[in-house]
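predicted model and sequence below, questions to follow.
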Amino acid sequence: MPVKSPTYVSLYSGCGGFDLGFEQSEYRGLGAFDINEDAVAVHRHNLRGKCHVADLQYAAVSRS
């Protein structure tokens, strides 16, 4: 049975430094969120992952 990489979701991710550490440790990012548009732009440039501008104060969680 193949071993799956552990996953993480990044909240308040900024420019992605914390995420970079996870990725270097072979974790797989499922998504990243920050309210700051400039930080999200840098995160997208640095990590090429899914990063979204979002105000998590008003976020709703859905179980799909």
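That came through fine. Residues are numbered from 1 along each chain as shown.

the longest helix along the chain: which residues count as buried?
Selection of the longest helix in the chain by residue count, based on DSSP state H, yields helix 37-47. Buried residues in helix 37-47, counted by 16 or more other C-beta atoms under 10 Å: 39-40, 42-44, 47. Glycine gets a C-beta too; all of them are placed from N, C-alpha and C.

pLDDT of it, averaged?
Per-residue pLDDT over helix 37-47 has a mean of 94.

centre-most residue in this structure?
Averaging the C-alpha coordinates of the chain gives a centre point, and the residue nearest to it by C-alpha atoms, centre = their mean is residue 32 (2.3 Å).

what's the angle from the one helix or strand that residue maps to to helix 37-47?
Here residue 32 sits within strand 28-34, counting by DSSP states H and E. Per axes from the mean of the first three to the mean of the last three C-alpha atoms, to 10 degrees, the angle that strand 28-34 makes with helix 37-47 is 160 degrees.
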